[in-house]
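Chemist: after the sequence you'll find the predicted model.
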Amino acid sequence: MKKASTKAGFFCFTGMTELTGNATHIAAEENKLIIETYGAKAEISIYGPEIIRIRISKRNAAPRESFAVIREPAALSPCHEEADAITLETGALTLRIDRFPLRFSFFNKNGQLLGADDPRFGTTWQGDRVITYRKLFPGEKFIGLGEKTGNLNRRGSNYVNWNTDAALHTPETDPLYKTFPFFIGIHDGLTYGLFFDNPHKSYFDFGATTDDQMSWFGADGGEMNYYFFGSASVAKILEDYTWLTGRMEMPPLWSLGYQQCRWSYMSAAEVLDVARKLRERQIPADVMYCDIDYMDNYKIFTWNKDTFADPKAMIDELASMGFKLVTIVDPGIKIEEGYLQYDEGIREKFFAAYPNGEEYVASVWPGRCHFPDFYREDVREWWGRSFAALTDPGVAGFWNDMNEPAAWGQNIPWLVQFGKFTLPEVRNAYGLEMSKATYLGTRKLLGNKRPFVLTRAAYSGIQRYSAVWTGDNAATDEHLLLGARLVNSLGLTGLSFIGVDIGGFMGDPTPGLMVRWNSLGPYIPMFRNHSAIMSKNREPWLWGEENERIIRKDIEQRYRLIPYIYACFYQSHTTGMPLARTLAIDHTHLEPVYDPRFQNQFLFGPSLLVAPVVSTVEETEVYLPPGTWYRLSTGERFAGDQVIMAAAPLADLPVFAKAGAIIPMQRVIQSTSFAGDGVLELHVWHGHEPSEFLYYEDDGDSYNYLDSDYYRRLLKFDPESNRIILGQAKGRFASRYREILLLLHGFGTHTPTTFTVKNDRQQILVTITK
Ligand code: GLC
């Protein structure tokens, strides 16, 4: 035991643990408040009235760039000094900084404590490990951390972030593929968010192993570097978090359609055959995929000359049927002289290497490989340029896999260098940096067209570049429910465009499970059917005639909802609000939301409540939050704030529209690239409160929307005057719909009542007479 002291000016030593100790010197420098202790330095900066950053590093630690944050701090707020504390007021929050020892407490403007250090320990180091111990409030709940198994409420659980190729994962496995060190705390009717921006292996404990006395988070190295968000609602915290780390662009419209994938369609003939069958059977679809077998011996940016002899001809033919093609890329570059990317990478020293300069070698699909060092800009540019091999023949989407990075055996030696770092410091950001390279490169190659990028591994900020999917799930009912929870939890970390492999990747689903999972598909932001080699094929017609009919109907439902989905993505683009929303966003303080029976339920956009159900039951309990709800399939009306028993036959997943819902839909089309009949259906469900929905449309495939080339109008329902108001259209884009058909549900005896109006840019008022 070394010396322990609480006197000002001394660092505390207790065994190997270094506590941050007392504040010895405090000064404001530019837009930062700098606090020094004996062995550490804290910097406080304000990013907005509701966002405060705390950075504590050992003295003389070099500043770190963030992979996630895209904003700079604002001016420092006024500070008040007292004998043993300093307070900093941002207008919305008060940060109290106790000096003896250094501790931080965050209050809202009513003086309510939102979050604080544990008074005993605060921030500490053990060797290079850095940890902050935090006060745990009675009844405090925690949501977030993105792709994590377990319950919606993470209280009593702990987690590790270490991006892993989690093949064969179960509903208990941790860690999985992605890292989002951001959570939201909920207590006493209050909310706060905390983003620990540190890409090292990190740990979160929500009272699990502290006998409920405190929570803690930390990392194996780097700094204590967190952003505290003090807004009063989950929605506003998400808005602030995505302001800090960026928001998604508008996705290409075609990527919202049904996507058909398989490891692998083995030849161009097979890809075309599946696409043709989808058309023949009138199953709407937009996307075909090529998994690893399209390549020559798994060499990235090549095509197999025998089985995919003329990729352009295949892609042109797909295009003539209204399909786009997405191809997979993995980071592992096969070691083989004469292979362009290998030769270039060796020549330019683009691969991750040991400190002696030798390239790191590990095996993945192609056999022995090197791995691009995506932390370097020159490497990212080279990678981006290489996509010409795919974009030239017409590939439109780019699927980034195995980027944890995966290497057989998983355990990449710690001394392998990536950019200025070694592996343990930045492993969690490899997928992000690869996706960034893919996005920037393909965006350049495609000119004004939006690339579709998909990734398995990720770190906070990924929403700026890519959609994600939840990796190799299994064909079980448990995984169906887990998938819904993962999507909802990912939505709490700035992501909206999220998919799960419909049907389950590993193993063989029963026909019932296949049908059930497809009925959830329309309400999963990315609707992709995918399955593993050796497992039973998953195409919709392989499950019997009746099941095919049901699956078709579900996929048609997706296409009906595309106008709504696209407008909801506009909300993700502008505010960070996800498309699939755990009930904890709108109904944060209601207990049933966290009840394991109901925790998988979510709102799809603002107005549709979806209750995922396993395939083995035909009825289920559904928690309806306060308000009035209408079963989408039957129009039946239910009072909210209660649990109902809902019929759930395989052909009818329980989905409810909220009273006042305004949902734009279209008639079924077989592909988003086909012109429909020009009619936009506007469904409105009667309610007693005024409601609105921001309708949004653009060309669906260029960046012109960033220059006002869109069609946007506010749609309102006013129950008092019994009017539907279609606000004046804004932007230059001409809507694809000539006509608007209003369908009114629950307004009178005849449901739905209908009206047709010409899609005029001027404000349109429709008065409903009973
Ligand atoms: C990984 C991916 C999976 C893909 C397979 C072959 O397991 O997660 O989606 O099909 O590799 O590329």
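Modeler: All right, it came through fine.
Chemist: C-alpha from now on. contacts and neighbour counts both.
Modeler: Noted.
Chemist: compute the number of surrounding residues for Pro171.
Modeler: For Pro171, the tally of surrounding residues (other Cα atoms under 10 Å) stands at 18.
Chemist: how far away is the closest residue to it other than its chain neighbours from the ligand?
Modeler: Distances taken as Cα to Cα, 6 or more residues apart in numbering place Thr149 nearest to Pro171, at 5.7 Å, with adjacent residues excluded. Here the criterion is Cα to the nearest ligand atom, to the nearest Å. By it, Thr149 lies 17 Å from the ligand.
Chemist: can you tell me the SS state at Thr149?
Modeler: Three states are possible here, and by DSSP: H, G, I helix; E, B strand; the rest coil the one that applies to Thr149 is coil.
Chemist: any idea how far it is from Ser466?
Modeler: In this structure, Thr149 and Ser466 are separated by 22 Å, where distance is defined by Cα to Cα, to the nearest Å.
Chemist: ok, those two, which is more surrounded?
Modeler: Neighbour count, other Cα under 10 Å: between Thr149 and Ser466, Ser466 has more, with 28 against 22.
Chemist: for the more buried one, which non-adjacent residue is spatially closest?
Modeler: Val453 (4.8 Å).
Chemist: who's in contact with Glu681?
Modeler: Pro664, Met665, Gln666, Arg667, Ile740, Leu741, Leu742, Leu743 (Cα atoms under 8 Å, 6 or more residues apart in numbering).
Chemist: what comes up buried for the helix or strand where Tyr342 lies?
Modeler: In this assignment (DSSP states H and E), Tyr342 forms part of helix 340-348. Residues of helix 340-348 classed as buried by neighbour count (16 or more other Cα atoms under 10 Å): Leu340, Gln341, Tyr342, Gly345.
Chemist: where do the strands sit along the stretch 251-400 of the chain?
Modeler: Under the criterion DSSP state E, counting those that start in this stretch, strands of the stretch 251-400 of the chain are mapped to 259-260, 287-290, 324-329, 333-334, 362-364, 367-370, 397-400.
Chemist: so what does the helix holding Tyr342 touch, helix or strand wise?
Modeler: Other helices and strands packing on helix 340-348, by 3 or more Cα pairs under 8 Å, 6 or more residues apart in numbering; DSSP states H and E, are strand 333-334.
Chemist: name every strand pairing with the strand it packs on and say which way it goes.
Modeler: The strands that strand 333-334 pairs with in its sheet are strand 367-370 (antiparallel) (by DSSP bridges).
Chemist: does the strand it pairs with come close to the ligand?
Modeler: No. Between strand 367-370 and the ligand, judged by Cα under 6 Å from any ligand atom, nothing touches; the nearest distance is 13.6 Å.
Chemist: residues touching that strand, excluding its own?
Modeler: With Cα under 8 Å, 6+ apart as the criterion, strand 367-370 contacts Gly332, Ile333, Lys334, Ile335, Phe351, Ala352, Glu359, Tyr360, Val361, Ala362, Ser363.
Chemist: for the fifth one, which residues are in contact?
Modeler: By that I understand Phe351. Listed by Cα under 8 Å, 6+ apart, the contact set of Phe351 reads Gly345, Glu359, Tyr360, His370, Phe371, Pro372, Asp373.
Chemist: how much distance is there from the helix holding Tyr342 to the middle of the chain?
Modeler: The gap between where helix 340-348 is centred and where its chain is centred comes out at 34 Å by Cα atoms, centre = their mean, to the nearest Å.
Chemist: over to stretch 723-743?
Modeler: How far stretch 723-743 lies from its chain's middle: 30 Å, per Cα atoms, centre = their mean.
Chemist: list the buried ones in that stretch?
Modeler: By neighbour count on 16+ other Cα under 10 Å, the buried set for stretch 723-743 is 723-727, 729-731, 733-737, 739-743.
Chemist: if we can go back for a sec, just the contacts of strand 367-370 now: which is nearest Trp541?
Modeler: For the contacts of strand 367-370, the residue nearest Trp541 by Cα to Cα is Gly332; the value is 35.1 Å.
Chemist: returning to that earlier point: the residue nearest to Ser466: what secondary structure?
Modeler: Reduced to three states with three-state DSSP, the structure at Val453 is strand.
Chemist: what's the local residue count around Gly409?
Modeler: Neighbouring residues of Gly409 were enumerated by other Cα under 10 Å; the total is 10.
Chemist: just say helix, strand or coil for it.
Modeler: Once three-state DSSP is applied, Gly409 turns out coil.
Chemist: distance of it relative to Ile533?
Modeler: Look at Gly409 and Ile533: by Cα to Cα, they are 21 Å apart.
Chemist: check Arg667 too.
Modeler: If you measure Arg667 against Ile533 using Cα to Cα, the figure is 35 Å.
Chemist: nearest residue to the closest residue to the ligand within the stretch 101-250 of the chain other than its sequence neighbours?
Modeler: Nearest residue of the stretch 101-250 of the chain to the ligand: Ala167, at 6.6 Å (Cα to the nearest ligand atom). What sits nearest to Ala167 in space, not counting adjacent residues and going by Cα to Cα, 6+ apart, is Asp472, at 5.5 Å.
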